[in-house]
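A.B. asks: Predicted model follows, preceded by the sequence.
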Amino acid sequence: MTQINTLDPGASPLDYYGYELRRYRDAAGLTQRQLGDIVNYTGSMIGQIETARKLPTQDFSERADAALGTGGALSRLVELVMRSQLPGWFRQVAELEARATEICTFQMGMIHGLLQTHAYARATLGTLDRTNLDDRTAVRLARQRIFEKNEPPVFWMVISEAALYQEIGGPETMRDQLGHLLSFEDNPRINVQVLPFSAGAHAGLTGSFNLYRFASDPTIVYTEGYGSGHPAADPTNVKDCSLRYDHLRAAALSLKDSAELIRRVMEDRYGEQLA
């Protein structure tokens, strides 16, 4: 177990966060319990964060910044901490998400992580492995902070109709997840289109993929396997996947018709009766 007197701030972003939290707390002359009372967390939780045994949340960081007068230093570290906790093979993808001006994704069987609710994300992550599930869920959801930037990326998701019926986490979780998708109806930067069953054979039959476009860098195509990710900038591959995506968007329902289908599935399959 990591001890606070041997914590190495250079070991990882999480260690650095814990080191800085302790330094700020000591400078304020507060014990862990006293700081916990101020920010409405237990002293034990403060100790676990200071010893890099617990991930800090954005809420905790904002409260600690206010209590310790750090000028937002801890809140600025959270994104780095969360990204460092992603699986090694996925960290490059998180960096692509953070830098992209446009993200286009086609999803065969589930909602993309950037639009998942807490319960839906938890259900997908806990399918075969429930260890550290709370922290892993928080790490996934932290990626969604890219939409809070001054200039967030434009996000397009074409999703197979099958994903609306694939019941992940139970009816309530699905009802909330589909409702979450509908919450973006009036957001021109987050666009959801459904590829209906009636489309038949389509350009995405070989599987899900993402396209990341940037202000000045080449477009990146990303595909994923079990425990591995495959980003590629090969122009031929990028051109092929870009063409495929154009055809998928053309075959999908319009934004308005997609929302109507999502609403209908939410009502009929998952029991939500909208006023």
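C.D. replies: Nice, thanks for sending it over. Numbers count the residues shown, from 1 in each chain.

A.B. asks: what about residue 155, which SS state?
C.D. replies: In three-state terms, and counting by DSSP: H, G, I helix; E, B strand; the rest coil, residue 155 is strand.

A.B. asks: Could you report the distance from it to residue 181?
C.D. replies: 12 Å (CB to CB, to the nearest Å). All C-beta atoms are positioned from the backbone trio N, CA, C, and that covers glycine.

A.B. asks: which neighbours do these two share?
C.D. replies: Taking CB atoms under 8 Å, 6 or more residues apart in numbering as the contact definition, residue 155 and residue 181 share the neighbouring residues residue 115.

A.B. asks: what's the pLDDT at the nearest residue to residue 139 once chain neighbours are set aside?
C.D. replies: Nearest residue to residue 139 in three dimensions, chain neighbours excluded: residue 85, at 4.7 Å (CB to CB, 6 or more residues apart in numbering). What the model reports for residue 85 is a pLDDT of 90.

A.B. asks: Just the strands from the stretch 1-150 of the chain, written as ranges.
C.D. replies: Counting by DSSP state E, counting those that start in this stretch, the stretch 1-150 of the chain has strands at residues 102-107.

A.B. asks: Low-confidence regions, the stretch 1-150 of the chain specifically.
C.D. replies: For the stretch 1-150 of the chain, applying pLDDT under 70 flags the ranges 1-6.

A.B. asks: got the residue ranges for the helices in it?
C.D. replies: 13-28, 32-39, 43-50, 58-68, 73-84, 91-99, 118-125, 133-142 (DSSP state H, counting those that start in this stretch).

A.B. asks: The ones you listed: which one's closest to residue 233?
C.D. replies: helix 91-99 (10.6 Å; CB to CB).

A.B. asks: what sits up against the closest one?
C.D. replies: Residues beyond helix 91-99 that count as contacts (CB under 8 Å, 6+ apart) turn out to be 83-84, 86, 103, 114, 143, 146, 153, 210, 212, 214, 217, 220, 222, 229, 231.

A.B. asks: now stretch 178-198
C.D. replies: Stretch 178-198 is contacted from outside by 106, 111, 115, 117, 147, 152-162, 164, 202, 204, 248-249, 251-255, 257-259, 261-263, 265-266, 270, 272, using CB under 8 Å, 6+ apart.

A.B. asks: From the chain's centroid, how far away is the helix or strand containing residue 175?
C.D. replies: Residue 175 belongs to helix 171-182 when assigned by DSSP states H and E. In terms of CA atoms, centre = their mean, to the nearest Å, the centre of helix 171-182 is found 16 Å from the chain centre.

A.B. asks: buried ones in it?
C.D. replies: Taking 16 or more other CB atoms under 10 Å as the neighbour-count basis, helix 171-182 is seen to contain the buried residues 173, 174, 175, 176, 177, 178, 179, 180, 181.

A.B. asks: next one: stretch 19-32
C.D. replies: Of all the residues in stretch 19-32, those buried under the rule 16+ other CB under 10 Å are 19, 20, 21, 22, 24, 25, 30, 32.

A.B. asks: The fifth one touches residue 70, doesn't it?
C.D. replies: Yes - with contact taken as CB atoms under 8 Å, residue 24 and residue 70 are classed as touching, separated by 5.5 Å.

A.B. asks: shared neighbours of the two, which are they?
C.D. replies: In contact with both residue 24 and residue 70: residue 64, using CB under 8 Å, 6+ apart.

A.B. asks: any idea how far residue 79 is from residue 143?
C.D. replies: 9 Å.

A.B. asks: now swap in residue 14 and tell me
C.D. replies: Residue 14 sits 13 Å away from residue 79 when distances are taken as CB to CB.
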